[in-house]
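1. what's the 3D shape of this:
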Amino acid sequence: MQAEAQAPNPETTLRAMQAIVGENACLSGDADMQPFVTDYRGIYHGKAQVVVLPASTEEVSQVMQWCYANHVPVVPQGGNTSLMGGAVPDGTGAAVVINLRRMNRVLAIDTVNDTMTVQAGVTLSGARTAAEADQRLFPLRIGSEGSCQIGGNLSTNAGGTAVLRYGNMRDLVLGIEAVLPDGRIYSQLRGLRKDNTGYDLKHLFIGAEGTLGIITGAVLKLMPQPRSTAVAFVAVQSPAAAVQLLGEAKRLSGQAVTAFELISRPALELVLEYLGNVPSPLPEMHDWMVLIELTSGTDAESLNATLMEILESGFGQGLVLDAAVAASLSDAQNFWRIREEISDAQTRTGGSIKCDVSVPLSRIAAFVEDASAKVLALEPAARMVIYGHMGDGNVHFNPLRPRDQPAKEFLAQWYARISGLVDAMAHAENGSISAEHGIGVVKRDDLTQFKSSVEIELMWQVKQALDPRNLLNPGKVLPARRR
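-> Have a look, this model is predicted:
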């Protein structure tokens, strides 16, 4: 349901926000607000009354109390790296944006309990660096780690390249603190691994994309730092061969497989062209490649021997065509740079239809091959930029414009049809239309095709229970309510 009262004018809102957080922590000019009302790809644009930069949970609470009382919609924002338009306001100009970048302190690290307590505005790279300083690992890894923030990672249930071993963000958190739409503070910043006292309420806010509450703090799980790492860039016969090779890697290394990333030839060609001065890891181009990373607490010699055993088994079974093993940390970093820059390479080139889907691992090869064939039947010149976290069934299936076709023309012609086709095929394989990017506004209305009426109604009931005025990130995640 929509707000029933007339919202105050921007001057009134600005003065109220300045009284809470201070003049220097409020941005109201169009130029100052521009980075906060446009997504980082420059695709989604909105307007806001004011951008507020609180420094504490208490300030967030006071802002929310005022906005709730005055029926002002609020858009929570972290690093603004969302690909789904979920972190920017709409075009009405009615909203207040609350950006948490000033809440960037690591509050505590408990090396006995292996936990870290952080404010939501701590960047992912900041959290990882803080953990490393105490010889611990926070294992979430995504390409935007220098910009994305822990609060946003939680709000989208971020995944990344190490989910195969460590799980999504939901698996890496023990407690959270969140401000509710009416300004009340839910605080459970406890590092407990066992707490069986009723509903585990933190999971309401994780993955909710800021529609139920604003996450302001979290207790994160830490892991032992691995003693050794082994990385290889491997050409494989096909996606099916890659799945078989993953099985061999698991069989021969146990829990050591940390990442297993699929990369198509067009994806590799695109990123090498974008990077310019980075050579291909392999002397020849191949249609399909995987990036394998093993980590363990054993010595490097033993882990490297395990990696060689995996590759030898792959060669022997005809799964592996060629392989380059990282001989140094620099080699491994270059391999990973290639993988991590694929997303930005597409953004710079333009014209990529971004489908973030997941399917059961047993069906991933058939999905990739069948979906590729159907897309190429529609547009034979499309570049099939396919990559992702094969180990957990997550594929970034991103057909890219032909070289000679403008991006806007390609997207206008094909975006709706191809994304709908790919999503439907993933759903038919008992998969998901969003593996880790969330829903935002891009996939919001698509949910009516892929979720039952019961699921959508339950989501709305939760939303209405916590946010009866529909003021917190309105228009995101939830499709229009069925009557």
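2. check which helix or strand covers the spatially most central residue of the chain.
-> By Cα atoms, centre = their mean, the mean C-alpha position of the chain lies nearest to residue 158, the distance being 4.0 Å. Counting by DSSP states H and E, there is no helix or strand that carries residue 158.
3. what does residue 152 give?
-> Using DSSP H and E, residue 152 falls in helix 150-155.
4. List the contacts of that helix.
-> The contact list for helix 150-155 (Cβ atoms under 8 Å, 6 or more residues apart in numbering) reads 76-79, 81-82, 87, 100, 103, 118-124, 127, 140, 142, 158, 169, 173, 176, 205-210, 214-216, 218, 220. (Each C-beta comes from the backbone N, C-alpha and C, glycine too.)
5. the strands in the stretch 251-400 of the chain, which residues?
-> 257-264, 288-296, 320-325, 355-358, 383-389, 394-400 (DSSP state E, counting those that start in this stretch).
6. and the angle from the first one to strand 383-389?
-> Compare the direction of strand 257-264 with that of strand 383-389 by axes from the mean of the first three to the mean of the last three Cα atoms, to 10 degrees and you get 170 degrees.
7. can you check the longest one too?
-> For strand 288-296 against strand 383-389, the angle between stretch directions is 20 degrees (the same axes, to 10 degrees).
8. Pairing partners for strand 288-296, with directions?
-> strand 228-236 (antiparallel), strand 257-264 (antiparallel) (DSSP bridges).
9. okay, the residue lying farthest from the centre of the chain: pLDDT?
-> Distance from the C-alpha centroid of the chain, by Cα atoms, centre = their mean, peaks at residue 316 (36.5 Å). pLDDT recorded at residue 316 is 97.
10. Quick check: the gap between it and residue 323.
-> To residue 323, residue 316 is 13 Å away according to Cβ to Cβ, to the nearest Å.
11. same check, this time on residue 402
-> 31 Å.
12. With neighbour numbers in mind, choose between those two.
-> Neighbour totals were compared for residue 402 and residue 323, and residue 323 leads with 22 against 15 (other Cβ atoms under 10 Å).
13. so who does that one touch?
-> Residue 323 sits next to 232-235, 282, 311, 314-315 when contact means Cβ under 8 Å, 6+ apart.
14. Leaving aside the residues adjacent along the chain, what's closest to it?
-> Closest residue to residue 323 apart from its sequence neighbours, by Cβ to Cβ, 6 or more residues apart in numbering: residue 234 at 4.5 Å.
15. where's the residue nearest to residue 313 when sequence neighbours are not counted relative to residue 301, distance?
-> Spatial nearest neighbour of residue 313, chain neighbours left out: residue 248 (5.0 Å); criterion: Cβ to Cβ, 6+ apart. Counting by Cβ to Cβ, the gap between residue 248 and residue 301 amounts to 21 Å.
16. what do you get for residue 244?
-> Counting by Cβ to Cβ, the gap from residue 244 to residue 301 is 27 Å.
17. More neighbours: those two, which one.
-> The neighbour comparison of residue 244 against residue 301 (other Cβ under 10 Å) goes to residue 244, with 20 against 9.
18. where's the more buried one, which helix or strand?
-> Counting by DSSP H and E, the element that carries residue 244 is helix 239-253.
19. tell me the angle that helix makes with strand 320-325.
-> Orientation of helix 239-253 against strand 320-325 (the same axes, to 10 degrees) gives an angle of 50 degrees.
20. for stretch 466-477, how far is the first residue from the last?
-> 15 Å (Cα to Cα, to the nearest Å).
21. Now that stretch: buried residues?
-> The neighbour-count check on stretch 466-477 (16 or more other Cβ atoms under 10 Å) flags 466-467, 469-477 as buried.
22. Need the mean per-residue confidence for that stretch.
-> Here the average pLDDT along stretch 466-477 is 96.
23. any idea how far the closest residue in space to residue 268 that isn't next to it in sequence lies from residue 330?
-> In space, and not counting its chain neighbours, residue 268 is closest to residue 289: 6.5 Å by Cβ to Cβ, 6+ apart. Counting by Cβ to Cβ, the gap from residue 289 to residue 330 is 20 Å.
24. And residue 219, by the same measure?
-> Distance from residue 219 to residue 330, by Cβ to Cβ: 35 Å.
25. between the two, which one's more packed in?
-> Applying other Cβ under 10 Å to residue 219 and residue 330 shows that residue 219 carries more neighbours, namely 23 against 9.
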